[in-house]
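In: give me a model of this one.
(one chain, ligands or ions: 2)
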Amino acid sequence: MQINRKKAKLKHFFTFLFFSFNAVDSTIPNAKLSKVWGPGLVPHNIVMPARYFFIQGVDEHNNSISSSLEKEFDIIIEGKTEQDKPCRIWSNILDRKDGSLIVRYKVYDTCSSVIISIKHKNQHVAESPYKIDEKIYSDECNCPQKSLTHLLDLWECPEIPKQILNDFNVFDNKINWNELRPKIVSQFDKPHSVSLCHYIIKNNKLYRKCYGKYVGFHMFSDSILLSLIRKATIPDLEFFVNLGDWPLSLKDMPEKYPIFSWCGSTESNDIIMPTYELTEASLENMGRVMLDMLSVQGNVEALWDKREAKLFWRGRDSNRHRLNLISLSREFPELFNVSLTNFFFYRDEEDVYGPKTDHVSFFRFFDYKYQLAIDGTVAAYRMPFLLAGGSLVFKPQSKYYEHFYGDLEANTHYIPVKTDLSDLVEKINWAKSHDNEAKVIAQNGQKFVNENLLPKHIFCYHMHLLNQLSKVIVSEVNILNDMELVNQKKDIPCSCLGANQKDEL
Ligand SMILES: *[C@@H]1O[C@H](CO)[C@@H](O)[C@H](O)[C@H]1NC(C)=O
Ligand SMILES: *[C@@H]1O[C@H](CO)[C@@H](O)[C@H](O)[C@H]1NC(C)=O
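Out: Ligands and ions are numbered 1, 2, ... in the order given. You can find the predicted model right below:
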């Protein structure tokens, strides 16, 4: 008895030692070995509404830390205005709880002598302090001195996406608007069913004319175009943007119409842009939009191991298959926590598939391991946000797609399921019994987001799209009489660098 207690005590002592050493080793970052990277470290080259960079904690044995680092780093970003006052810079830190942090900051002035200082216990981390010699601008500055191709280089954008090349190939890389413009207008000027805007960029000014009864969504296409126009001299361009849910240029129509749309389909020839949700999330990062690719990662409550092994879903009744999901969950309540939040399309079936439940904060979706990217009227635009949250995404097959689906690999980044969900239960059960594999796929999905869908990538995609368009237009670009000039929202004074100099390219 006595001996046993002693043994137990001793064992406890060793366990204590073991764990405390372990804890020291794996949670305390080493300043020099920790890593810092991201576009926010070159704010003079990459002007964004919110600049951002990443910190990965690395311990003294050069192993990546995998637990929360919230309190470990002191980050100061400062600079001087042209009047020699402290710059107004607002920053915030998102803890991914996996040993890495996202640092975001917004710049409200034209600043010089900017220093980004990152310290751990008074020691500079990685290459900190990062000193920026050139002036840096607020995103609202209208300083388009660079050419679009120069901007693509400066931002170190990836190669032109295959999706863009494929989309333009459909038109043999030749667009003659003098032929196509009247045909598009006569085919699609259906005010009650089509919302379409015709845009011209001429001398780096934006002009538009919209067709349709509901064209309020032009604010989304306007804002990304105006943002690019503030950053670069865009070649003269002409194009049409579809503001509706469904792709317009159907393959069974008499002509192929090059129309930009937010959603693609295997049955249409539309040229895909990143969705307005993803684009707006990039433009309004740290602004009025709460939900973006970065905030999702910084607001999850728990990492994979602590998440409940159920499929969580909330949404409205915009697709028959969503009702089937409710039926399925009643058969297998141990696998699902799903409900409809609104009845509109199938109002008369609320008795069967209701009751509807309250809205749940998107961040709380990630209290659960499994997510479902099920179509509504078209592709579920929440797909990138679901991938960002680090849960395992199940994706029903669909003819609809977003700009990045072509780069996603089934069973690597997500789990494919049948459109009618008939194999969903089987696949959830697979995930439950293969937790490690499921976790790896979930992590791959999140990694994909960080390498392809962050605000910088969304800007790059739009730049490539416009740049490629400029190469294929064979007609002259002229403003039409009935077009309206779209002005920048604010006209803030910025003395742009090299305003009188020619672009170096
Ligand atoms: C730490 O590991 C990284 C790879 O993750 C390697 O590039 C680096 O050279 C290592 N540093 C030291 C000091 O061992
Ligand atoms: C379903 O999820 C919500 C939100 O997380 C939670 O409040 C509710 O208790 C869950 N229901 C069940 C049956 O677990």
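
In: all helices for the protein, in order.
Out: In order along the chain, the chain carries the following helices (DSSP state H): 2-27, 148-154, 162-169, 177-188, 218-231, 276-283, 293-298, 320-331, 350-353, 383-388, 424-433, 435-452, 455-472.

In: for ligand 2, find the nearest of those helices.
Out: Closest approach to ligand 2 among those is made by helix 320-331 (9.9 Å; Cβ to the nearest ligand atom). For every residue, glycine as well, the C-beta is placed using N, CA and C.

In: what residues sit buried inside the closest one?
Out: Of the residues in helix 320-331, those buried under the neighbour-count criterion (16 or more other Cβ atoms under 10 Å) are 321, 322, 323, 324, 325, 326, 328, 329.

In: and if you look at stretch 287-301?
Out: Burial within stretch 287-301, assessed by neighbour count using 16+ other Cβ under 10 Å, is assigned to 291, 292, 293, 294, 295, 296, 297, 298, 299, 300.

In: that one: end-to-end distance?
Out: Stretch 287-301 has an end-to-end distance of 22 Å (criterion: Cα to Cα, to the nearest Å).

In: contacts for that stretch, please.
Out: Stretch 287-301 is contacted from outside by 49-50, 52, 93-97, 102, 104, 278, 280-282, 284-285, 362-364, 366-367, 384-385, 388-390, 446, 449, 453-455, using Cβ atoms under 8 Å, 6 or more residues apart in numbering.

In: do stretch 247-266 as well
Out: Stretch 247-266 has contacts (Cβ under 8 Å, 6+ apart) with 167-168, 170-171, 175, 180, 183-184, 187-188, 194, 196, 221, 239-242, 245-246, 267-276, 378-379, 381, 399-403, 465.

In: now do 6 Å
Out: 171, 175, 183-184, 239-242, 267-273, 275-276, 378-379, 399-401 (Cβ atoms under 6 Å, 6 or more residues apart in numbering).

In: mind giving me the ChimeraX command for buried ones among those?
Out: In ChimeraX, this line selects whichever of the contacts of stretch 247-266 come out buried by 16+ other Cβ under 10 Å:
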select :171,175,184,239,240,241,242,268,269,270,271,272,273,275,276,378,379,400,401
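
In: domain ranges for the protein?
Out: Residue ranges of the domains in the chain are recorded as 13-140, 162-282+466-487, 303-453, according to automatic domain parsing.

In: mean pLDDT and distance to residue 147 added to those, as JSON lines?
Out: Putting the domains of the chain into JSON lines (pLDDT from 0 to 100; distance: least, Cβ to Cβ, whole Å) gives the following:
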{"stretch": "domain 13-140", "mean pLDDT": "90", "distance to residue 147": "14"}
{"stretch": "domain 162-282+466-487", "mean pLDDT": "96", "distance to residue 147": "5"}
{"stretch": "domain 303-453", "mean pLDDT": "96", "distance to residue 147": "24"}
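
In: can you lay out those as JSON lines showing distance to ligand 2?
Out: Rendered in JSON lines, the data for the domains of the chain read as follows (distance: least, Cβ to the nearest ligand atom, whole Å):
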{"stretch": "domain 13-140", "distance to ligand 2": "19"}
{"stretch": "domain 162-282+466-487", "distance to ligand 2": "23"}
{"stretch": "domain 303-453", "distance to ligand 2": "4"}
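
In: quick one: which of the ones you listed is nearest residue 148?
Out: Taking Cβ to Cβ as the criterion, residue 148 comes closest to domain 162-282+466-487 out of those, the separation being 4.8 Å.

In: please check which residues sit opposite the residue lying closest to residue 78 once chain neighbours are set aside as beta-bridge partners.
Out: The shortest distance from residue 78 to any residue that is not its chain neighbour, by Cβ to Cβ, 6 or more residues apart in numbering, is 5.9 Å, and that residue is residue 115. With beta bridges defined as DSSP bridges, residue 115 has these partners: residue 78, residue 131.

In: burial of residue 115, as a residue count?
Out: Using other Cβ atoms under 10 Å, residue 115 is surrounded by 14 other residues.

In: what do you get for the one 3 residues further on?
Out: Under the neighbour criterion other Cβ under 10 Å, residue 118 is assigned a count of 25.

In: tally of neighbours for the residue nearest to residue 412 when sequence neighbours are not counted?
Out: Nearest residue to residue 412 in three dimensions, chain neighbours excluded: residue 444, at 5.6 Å (Cβ to Cβ, 6+ apart). A count of nearby residues for residue 444, using other Cβ under 10 Å, gives 18.

In: filter the contacts of stretch 287-301 down to the buried ones.
Out: Listed as buried from the contacts of stretch 287-301 are 49-50, 52, 94-97, 102, 104, 278, 280-282, 284-285, 362-363, 366-367, 384-385, 388-390, 446, 449, 453-455; burial here means 16+ other Cβ under 10 Å.

In: now residue 179: closest residue in space that isn't a chain neighbour?
Out: Leaving out its chain neighbours, the residue that sits closest to residue 179 by Cβ to Cβ, 6+ apart is residue 475, at 7.8 Å.

In: my guess is that neighbour contacts residue 178. True?
Out: Yes. In this structure, residue 475 sits in contact with residue 178. The criterion is Cβ atoms under 6 Å, and the distance is 4.7 Å.

In: who has more neighbours out of these two?
Out: Taking neighbours as other Cβ under 10 Å, residue 475 and residue 178 compare with residue 475 leading, 14 against 11.

In: ok, the more buried one - contacts?
Out: Listed by Cβ under 6 Å, 6+ apart, the contact partners of residue 475 are 176, 177, 178.

In: residue 123: which of these is nearest?
Out: Using Cβ to Cβ, residue 177 comes nearest to residue 123 of those, at 59.3 Å.

In: report the separation between the closest residue to the closest one other than its chain neighbours and residue 462.
Out: Computed as Cβ to Cβ, 6+ apart, the closest residue to residue 177 that is not its neighbour in sequence is residue 475, at 4.4 Å. From residue 475 across to residue 462, the span is 22 Å (Cβ to Cβ, to the nearest Å).

In: try residue 182
Out: On the measure of Cβ to Cβ, residue 182 and residue 462 end up 27 Å apart.

In: also residue 104?
Out: 20 Å.

In: repeat for residue 342
Out: According to Cβ to Cβ, residue 342 and residue 462 sit 31 Å apart.

In: when those two are compared, which one has more neighbours?
Out: The residue with the greater number of neighbours, taking residue 342 and residue 462 and applying other Cβ under 10 Å, is residue 462; the counts read 19 against 15.

In: OK, contacts around the more buried one?
Out: Applying Cβ under 6 Å, 6+ apart as the definition, the contact partners of residue 462 turn out to be residue 224.

In: and residue 209, how many neighbours?
Out: Should you count by other Cβ under 10 Å, residue 209 turns out to have 16 residues around it.

In: wait, it touches residue 486, no?
Out: No. Residue 209 is not in contact with residue 486 according to Cβ under 6 Å; the separation is 10.5 Å.
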